[in-house]
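>>> Here is a sequence with its predicted model. Questions after.
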Amino acid sequence: MTILLLIIAYLLGSIPSGLWIGQIFFKVNLRDYGSGNTGTTNTFRILGKKAGIIVFLLDFFKGTLATLLPIWFGVTELSPLIFGMLAVIGHTFPIFAQFKGGKAVATSAGMLFGFIPIYCLLLIAVFAGTLYLTSMISYSSVVAAVTAIVSVLILPQLGILLPKDWVLTVVVLVVASIVIVRHRENTQRIRQKRENLIPWGLNITNQKPHVK
């Protein structure tokens, strides 16, 4: 049962929500437009708000569902976070999309929501606050990932919010690192002051993206 659920968790993560919604309902291959990414941000940009929200929710809750699978089926040999992490890996390297997936932000958040919701909400607050200041989803994602790394190393030692759980620490370090690495091109554009913005917030870094 444990091995079967691990496989299911990976397959859940591998569902390329943005790619399939674009192809089925809009006759658009997201890989041919915008950043070429199949995740939430490019879906918003290319397919619109409604499609973007749907893709975000699907990507978020496939992480949550994968994390809850072992709890629902009474599997105790491994931490639920291992199953959630496999969903994140599946989202990043999906078998259903030639192993070319998204940047793991929504699915990672969903995984944490399934295991320790208050921690997820803390990171969402960091993301939202940074997004308002910078108008950049990419920058906000990286800041939230760095916050996750710092907090998972410090808070358990202080007895605040997070338990001392080495699996939690390792999983958060892994998925946060995936998020940071997957945003390396965005980080380069941010340094060049040409990262894409959303029409909300203060843009305090004065990005001037190239308009096609």
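Noted; the coordinates are in hand.

>>> C-alpha from now on. contacts and neighbour counts both.
OK.

>>> in the protein, which spans are helices?
Per DSSP state H, the chain has helices spanning 2-14, 17-25, 40-47, 49-72, 80-92, 105-115, 117-134, 137-158, 166-182, 184-191. These are given in chain order.

>>> Please identify the most buried of those helices.
Counting by mean count of other CA atoms under 10 Å, helix 80-92 has the highest mean neighbour count of the helices of the chain, with a mean of 28.

>>> out of the helices of the chain, nearest to residue 204?
When these are compared for distance to residue 204 using CA to CA, the nearest one is helix 117-134, at 5.4 Å.

>>> list the helices and strands the closest one packs on?
Secondary-structure packing of helix 117-134 (3 or more CA pairs under 8 Å, 6 or more residues apart in numbering; DSSP states H and E): helix 105-115, helix 137-158.

>>> That one: how far from the chain's middle?
Mean C-alpha position of helix 117-134 versus that of the full chain (CA atoms, centre = their mean, to the nearest Å) differs by 13 Å.

>>> Stretch 141-157 too?
Relative to where its chain is centred, stretch 141-157 has its mean C-alpha point 15 Å off (CA atoms, centre = their mean).

>>> Now do it: everything it contacts.
When contacts are defined by CA atoms under 8 Å, 6 or more residues apart in numbering, stretch 141-157 is touched by residues 105, 123-124, 126-127, 130, 161-164, 168-169, 172-173, 176-177, 179-180, 183.

>>> thinking again about what came up before, reformat the helices and strands packed on helix 117-134 as a markdown table; add distance to residue 42.
Listed next are the helices and strands packed on helix 117-134 as a markdown table, based on distance: least, CA to CA, whole Å:
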| stretch | distance to residue 42 |
| --- | --- |
| helix 105-115 | 13 |
| helix 137-158 | 11 |
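
>>> Please render those helices as CSV that adds distance to residue 31 and mean pLDDT to the earlier fields.
What follows is the helices and strands packed on helix 117-134, written out as CSV (distance: least, CA to CA, whole Å; pLDDT from 0 to 100):
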stretch, distance to residue 31, mean pLDDT
helix 105-115, 18, 97
helix 137-158, 18, 97
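
>>> of the ones you listed, which approaches residue 44 most closely?
Nearest to residue 44 among the helices and strands packed on helix 117-134 is helix 137-158; the distance by CA to CA comes to 11.2 Å.

>>> Could you list the alpha-carbon positions for the closest one in PDB?
Taking Å, rounded to 0.1, in the frame of the first residue of the first chain, the C-alpha atoms of helix 137-158 are listed here in PDB:
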ATOM      1  CA  ILE A 137       5.200  36.800  -8.400                       C
ATOM      2  CA  SER A 138       8.600  35.400  -9.100                       C
ATOM      3  CA  TYR A 139      10.300  37.600  -6.400                       C
ATOM      4  CA  SER A 140       7.600  36.900  -3.900                       C
ATOM      5  CA  SER A 141       7.900  33.100  -4.500                       C
ATOM      6  CA  VAL A 142      11.700  33.300  -3.900                       C
ATOM      7  CA  VAL A 143      11.300  35.400  -0.800                       C
ATOM      8  CA  ALA A 144       8.700  32.900   0.600                       C
ATOM      9  CA  ALA A 145      11.000  30.000  -0.200                       C
ATOM     10  CA  VAL A 146      13.900  31.700   1.600                       C
ATOM     11  CA  THR A 147      11.600  32.500   4.500                       C
ATOM     12  CA  ALA A 148      10.600  28.800   4.600                       C
ATOM     13  CA  ILE A 149      14.300  27.700   4.800                       C
ATOM     14  CA  VAL A 150      15.200  30.200   7.600                       C
ATOM     15  CA  SER A 151      12.100  29.500   9.600                       C
ATOM     16  CA  VAL A 152      12.200  25.700   9.400                       C
ATOM     17  CA  LEU A 153      15.800  25.900  10.800                       C
ATOM     18  CA  ILE A 154      15.100  28.400  13.500                       C
ATOM     19  CA  LEU A 155      11.500  28.100  14.800                       C
ATOM     20  CA  PRO A 156      11.600  24.500  15.900                       C
ATOM     21  CA  GLN A 157      14.700  25.300  18.000                       C
ATOM     22  CA  LEU A 158      12.800  28.100  19.700                       C
END
